[in-house]
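**Q** show me the folded form of this:
(chains A and B)
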Amino acid sequence: MDELLLNQFLLLGAILFCTGVYGVIARKNTVLVLMSIELILNAVNINLLAFGAMGNDITGAVFALFVIAVAAAEVGVGLAMVLIIYRNRSSVDLDEIDSMRG
Amino acid sequence: MVAENVFFYAIAAVMVAASVVVVTNRNVVRSALALIVVFAGVAAQFILLAAEFVAVTQVLVYIGAIMVLMLFGIMLTRSRIGRDEQMTNSHWWAGVVTAALLAGVMGYALIENFGDDPLPNDRQIATVDGSNTSTIGDAIFSQFLIPFEAISVLLLAALIGAIVIARKDR
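**A** Just a heads-up that it's a prediction; the model follows:
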């Protein structure tokens, strides 16, 4: 109990990941699903940096930065898609978006 | 060393509570604000892991840029600002089952494999001037140059794609 364990960070990441998965499955609002995906990506970043600190290696930090960049790109495209769905259907309720027709 | 543990558990408790608020609250804006708390907590954990450059990037990109985008998304789709009784869909129980199973499997695997492995006490990766920013810069522009260029092109393509998708006059 007197020094930081690797598992503390990994378990915290696992809990955040599971909360995010629950949010992706259970939420109705598309923007809230995007937020849950951000939770999942942050959990991944915690794992990357924990293993980087464990192995005393900079690679974990570099890939955490790459994940942050990909998350920014994902949010941009995701919100553009949510906006056009809202414009076409006047709703962002995922239960109503059930056809592949435009 | 004890102080690090105290801070870890205090921040982790706040983060877990805030993440539960993100996925269960009936108010969209409250979920977004709780997500900011989670992001700030993640940045604090990065500092505990001696990755201050990633922590600062986390604050700038996530709290500064992504959350503003999210709030714009909430406003532009006119989600109800306020309580909404119908925020979880009818098969939310499937999410509970999946999350519980995942938590069980991952928790078992982590505790089984990494039991009490301690992190090294000197987590600051050895550098010339004592900061990990220059080490990250060196790594990105030598060893990881091709992934870095690929990410740059991806970001550019995503931004152009977002503009094209969201444009009104098509």
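**Q** all helices for the chain, in order.
**A** This is for chain A. With DSSP state H applied, chain A shows helices at A:6-26, A:30-55, A:59-89, listed in chain order.
**Q** my bad, chain B
**A** Going by DSSP H, chain B shows helices at B:2-24, B:28-48, B:52-58, B:67-76, B:92-114, B:132-141, B:145-166.
**Q** you'd agree A:Ala71 is up against A:Glu38?
**A** Yes: with contact defined as Cβ atoms under 8 Å, A:Ala71 reaches A:Glu38; the gap is 6.5 Å. Every C-beta, even on glycine, is put in place using the N, C-alpha and C of the backbone.
**Q** any common contacting residues for the two?
**A** B:62, B:66 (Cβ atoms under 8 Å, 6 or more residues apart in numbering or on different chains).
**Q** pipe the helices of chain A into CSV and attach mean neighbour count per row.
**A** Shown next, in CSV, are these (neighbours: other Cβ atoms under 10 Å in any protein chain shown):
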stretch, mean neighbour count
helix A:6-26, 23
helix A:30-55, 23
helix A:59-89, 19
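**Q** now these in TSV, with mean pLDDT and distance to chain B?
**A** Formatted as TSV, those follow (pLDDT from 0 to 100; distance: least, Cβ to the nearest Cβ, whole Å):
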stretch	mean pLDDT	distance to chain B
helix A:6-26	93	3
helix A:30-55	92	5
helix A:59-89	91	4
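**Q** can you tell which of those is closest to B:Ile140?
**A** In terms of Cβ to Cβ, the element of these nearest to B:Ile140 is helix A:59-89, at 5.9 Å.
**Q** how far does the closest one sit from its chain's centre?
**A** From the chain centre to the centre of helix A:59-89 is a distance of 9 Å (Cα atoms, centre = their mean, to the nearest Å).
**Q** that helix packs against which elements?
**A** If contacts are counted by 3 or more Cβ pairs under 8 Å, 6 or more residues apart in numbering or on different chains; DSSP states H and E, helix A:59-89 sits against helix A:30-55, helix B:52-58, helix B:67-76, helix B:132-141, helix B:145-166.
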